[in-house]
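J.: Any chance you could fold what I've pasted below:
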Amino acid sequence: MRTHIALLLAGVLPFTFAACKKESPQSAETPPRPWYAPEPWKAGPEAPQPLLQTVWKLSHLPLDDHHPSVQLDPRSQAGFVIFEADGRRLTGFAGCQPLTGVYHLEGEQELAVEAVARTGARCHKAMFDTVGDRFATALNTATGYRLGKDDAVLELLNGERVTATLIYRTPPPGRW
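T.: Model prediction:
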């Protein structure tokens, strides 16, 4: 009886240990990307159009005549915009208010935004109102845009002056 058990264990144990060894590489995998980390642009065979149908999240508002420079936390929900591919509509959020508008692309990097409307109540904190107002103004006065080399950064321009910097984000499930 002991011989049968010893033979059975000798035949089964190597497969058991082999199965365990195949499971161990899981711990060596890279950790999942945080929801606020940028996702690299995956170019396909067609020409990429990263401006359209992309969540562009407000990252930075530069110094101007009346306001200091503002760098937003990557997890901030203070502002974002999506340039819809159908109908040339834009939707987004500025401060605490949803926003909508109409945009036109002209030439390589010319952008015209019209009729930016915000709805809903103002924020209970003045800083969010200021950020929302400045973001809506940057959209309304945009005459052009510039994409970063990796298509993960969008700068809104008024002439040659950068009025807002946005970063490419894929929203996590249940957000936005």
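J.: tell me the contacts of the closest residue to residue 70 other than its chain neighbours?
T.: Spatial nearest neighbour of residue 70, chain neighbours left out: residue 61 (4.4 Å); criterion: C-beta to C-beta, 6 or more residues apart in numbering. Glycine gets a C-beta too; all of them are placed from N, C-alpha and C. Residues near residue 61 by C-beta atoms under 8 Å, 6 or more residues apart in numbering: 67, 69-70, 72, 131, 134-135, 138, 163-165.
J.: what do you get if the cut-off is 6 Å, keeping everything else the same?
T.: Residue 61 makes contact with 70, 134, 164, according to C-beta atoms under 6 Å, 6 or more residues apart in numbering.
J.: Please pick the buried ones from those.
T.: Among the contacts of residue 61, those classed as buried by 16 or more other C-beta atoms under 10 Å are 70, 134, 164.
J.: in a helix, that's where the second one is, yeah?
T.: To tie it back to what came earlier, the one meant is residue 134. Yes: Residue 134: assigned to a helix according to DSSP: H, G, I helix; E, B strand; the rest coil.
J.: Mind putting the buried ones among the contacts of residue 61 into CSV with distance to residue 144 and pLDDT?
T.: CSV is the format used below for those (distance: C-beta to C-beta, whole Å; pLDDT from 0 to 100):
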residue, distance to residue 144, pLDDT
70, 21, 89
134, 18, 93
164, 12, 94
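J.: For residue 97, state which of these is nearest.
T.: Of all these, residue 134 has the smallest distance to residue 97: 12.9 Å, by C-beta to C-beta.
J.: any chance you could map the strands in this structure?
T.: 55-61, 70-71, 79-83, 89-94, 97-106, 110-118, 144-147, 153-158, 161-169 (DSSP state E).
J.: Where does the prediction get shaky in the chain?
T.: 1-49, 87, 151, 169-176 (pLDDT under 70).
J.: Try it again at 50.
T.: 19-27, 34-38, 40-48, 176 (pLDDT under 50).
J.: I figured residue 166 hits residue 56, correct?
T.: Yes: between residue 166 and residue 56 a contact is recorded at 3.9 Å, counting by C-beta atoms under 6 Å.
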